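A.B. asks: fold the following and give me the result.
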Amino acid sequence: MAKTARPARKPAAASVDIGARRDAVVDAAMALAATRGWRGIALADIAAEAGLSLSELYEAFHGKGAILAYFGSRVDAKVLAGTGTDMAEESRRDRLFDVLMRRFDAAAPYRAGVRALLADARRDPSMALCAAPRLLRSMTWSLEAAGIRTGGIVGTVRVKALAAVYLSVMRVWVDDESPDMAATMAALDGRLRRAERFLGA
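C.D. replies: You can find the predicted model right below:
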């Protein structure tokens, strides 16, 4: 007697919607941070805000640091997706200006949460220390998107210089609610000009 073929097993729901779950967690975490500060929220708070159990949250992220890392990677991906050949004729400084403004545009929906993160980082040096590798990685990709090499000692200097520029301008951006972000653009332009010799721009 022929055996009846078993129906193919469907993939687990967690594996199907893990990307959407991670996005929901990031949205929930940043919304809570905006009202309570990053240090004022627990993983259980984030799970509840996202409509998940703790075990479901754990399947998506193993800690608050991982949530922030994913948020940064998501911003990086949006910035890189907007990088094209149309910037080839621009100066290096103009290309960096475009890339960093795309970063601010990508993070704009989470401005209040980022503001809270910056405030907490100023009060908690260990938080800033943990975030440093993620920031340097993002700045490496930003330089590469602008067509500026990041290898060797010179590249390391460029990455760190751009990180300093970005953090400085971010403090302006978090309070810049104008539709055209004029204050942010002016601050970015000025700081990039002053840092040209370090950035290779």
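
A.B. asks: okay, the residue nearest the centre of the chain and residue 172: tell me how far apart.
C.D. replies: What sits nearest the mean C-alpha location of the chain, by C-alpha atoms, centre = their mean, is residue 72, with 2.3 Å. Taking C-beta to C-beta, to the nearest Å as the measure, residue 72 falls 20 Å from residue 172. All C-beta spots, glycine's among them, are computed from the backbone N, C-alpha and C.

A.B. asks: and the helices in this protein?
C.D. replies: 13-16, 18-36, 43-50, 54-60, 64-81, 92-107, 111-123, 125-145, 152-173, 182-194, 196-199 (DSSP state H).

A.B. asks: among these, which is the most enclosed?
C.D. replies: helix 92-107 (a mean of 20; mean count of other C-beta atoms under 10 Å).

A.B. asks: check which helices and strands that one sits against.
C.D. replies: Other helices and strands packing on helix 92-107, by 3 or more C-beta pairs under 8 Å, 6 or more residues apart in numbering; DSSP states H and E, are helix 64-81, helix 125-145, helix 152-173, helix 182-194, helix 196-199.

A.B. asks: contacting residues around residue 192?
C.D. replies: Listed by C-beta atoms under 8 Å, 6 or more residues apart in numbering, the contact set of residue 192 reads 93, 96-97, 165, 199, 201.

A.B. asks: could you dump those into TSV with pLDDT added?
C.D. replies: What follows is the contacts of residue 192, written out as TSV (pLDDT from 0 to 100):
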residue	pLDDT
93	89
96	94
97	95
165	95
199	82
201	59
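
A.B. asks: check the gap between residue 166 and residue 131 for me.
C.D. replies: 12 Å.

A.B. asks: turn the helices and strands packed on helix 92-107 into CSV, columns for distance to residue 118.
C.D. replies: Output for the helices and strands packed on helix 92-107, formatted as CSV (distance: least, C-beta to C-beta, whole Å):
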stretch, distance to residue 118
helix 64-81, 12
helix 125-145, 9
helix 152-173, 7
helix 182-194, 14
helix 196-199, 22
